[in-house]
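# Here you go, sequence then predicted model.
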Amino acid sequence: MKIDFRIPCGVCGYGPKRLCCDGTKVGVGFRNSNYEEITETNQALGINNTLHRRMDRCFLKNLNGIDKQEMINLRTTLDYIARKELNEIKENEIIPERDLLDRIELLKQALPSEVLGSFERFYQMSDNERVAYSNVLKMLATTASITSLVPPAYCYKIQLLLNSPNIENDRFNSIVNETRSFAPELRDLICESLISNNEILPDDIRLFLQYLINESMSLQVTEPEPPVPQLGTYNPEKFGRAYYFNESGLKLRSVRKFSIDNDSCVKRNIDHDDATLEFEKCQKLYSKVQTSARGTSTLFLWFCADHGHCYGFHMTGQKEEKIPHYHSIAI
């Protein structure tokens, strides 16, 4: 493997703003390959406290006084409402209208007050605004972190739009175009709401967006250690990985360990909290050869989302992981 992998994207250089990633099984011919497992934590770093669990980060959180199964039902109802508007409901999924109305009433009781106004106006929205709103609701119905919809680092961009109703057109267009790159669903909702309401963002949409920003910004994080290149860590043949988010290609941090890693409940439940909802499960189909072959490994790759440049790879025996983003980029 006499290839120098430390060549960055010609446009983004060593600091890509957006990355996409994917993993694929490699054949049994790699069963005897030796590589350093990238997911191994560095025990010498100690154990960090787990600040929150998966259900603390999603839109419809588990609430005291409400049974977990009921919260699952509420998320499923929200997903159904969104997908129904988007014409994605299959015939065997149809919920009788009377039952759906009852479920919607229960959902309203659990929705934050800042969201309730726009939700109650849902069926009075124009067709395009309703579709844009549905795409946002569809994302919020999952148990993914609310930061996946509106990343904390970009919240201030949307906040600018909310705080400056009379913002100049050039500035407005610049922010909206940038929003398309990190939160396209919110960008569409903002634009369609403006078009449908005489170029004025409705108060209920404004409250809704402000709630999402506040929730995203309120999530505590364990700050990463300073990036320090670790000598001798660029060796693709030996370690089975090659990243060039920096000129040296060296590893910048070791993988940290958190208290949740020692939680016996987690070991019994790989989802960390509740079981994955049916509509959240991966629909990817694998052939019998892929799933049954012993000794296969996964080749995991990172790409510049804007220009298609491959930012490197690693070999792993685990499922797809995002750890390289932490220990290879000077964030």
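Now that the structure is in, tell me what you want to look at.

# Distance of the closest residue to residue 149 other than its chain neighbours relative to residue 113?
In space, and not counting its chain neighbours, residue 149 is closest to residue 139: 5.2 Å by Cβ to Cβ, 6 or more residues apart in numbering. Every residue, glycine included, has its C-beta placed from N, CA and C. Distance, residue 139 to residue 113, using Cβ to Cβ, to the nearest Å: 20 Å.

# which of those two has more neighbours?
residue 139 (18 against 8; other Cβ atoms under 10 Å).

# Could you measure from the more buried one over to residue 69?
Separation of residue 139 from residue 69 (Cβ to Cβ) stands at 22 Å.

# Scan the chain for its longest helix.
helix 68-85 (DSSP state H).

# Residues in contact with that helix: which ones?
Outside helix 68-85, the residues that touch it by Cβ atoms under 8 Å, 6 or more residues apart in numbering are 55, 60-63, 89, 93, 95, 100, 103-104, 106-107, 110, 122, 130-131, 134-135, 137-138, 140-143, 274, 277-279.

# let's see 6 Å
60, 62, 89, 103, 107, 110, 130, 134, 137-138, 141, 274, 279 (Cβ atoms under 6 Å, 6 or more residues apart in numbering).

# For PyMOL, what selects the buried ones among those?
Buried residues among the contacts of helix 68-85 (16 or more other Cβ atoms under 10 Å), as a PyMOL selection:
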select buried, resi 60+62+103+107+110+130+134+137+138+141+274+279
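
# Of all the contacts of helix 68-85, the one with the weakest confidence?
Lowest pLDDT within the contacts of helix 68-85 is found at residue 274 (56).

# ok, then the element right after the helix or strand bottoming out on mean pLDDT in the chain?
Across the helices and strands of the chain, mean pLDDT, DSSP states H and E gives its lowest value to helix 288-292, namely a mean of 46. Using DSSP states H and E, the helix or strand that follows helix 288-292 towards the C-terminus is strand 297-304.

# Tell me which residues of the next helix or strand after that following strand come out buried.
Beyond strand 297-304 on the C-terminal side, the first helix or strand identified by DSSP H and E is strand 310-316. For strand 310-316, burial by neighbour count (16+ other Cβ under 10 Å) applies to 311-316.

# quick one: low-confidence ranges for the stretch 101-250 of the chain?
Flagging of the stretch 101-250 of the chain using pLDDT under 70 yields the residue ranges 244.

# Output the contacting helices and strands for the helix or strand residue 217 falls within.
Remark: residue 217 resides in helix 203-218, with elements defined by DSSP H and E. Helices and strands touching helix 203-218, by 3 or more Cβ pairs under 6 Å, 6 or more residues apart in numbering; DSSP states H and E, are helix 113-120, helix 155-163.
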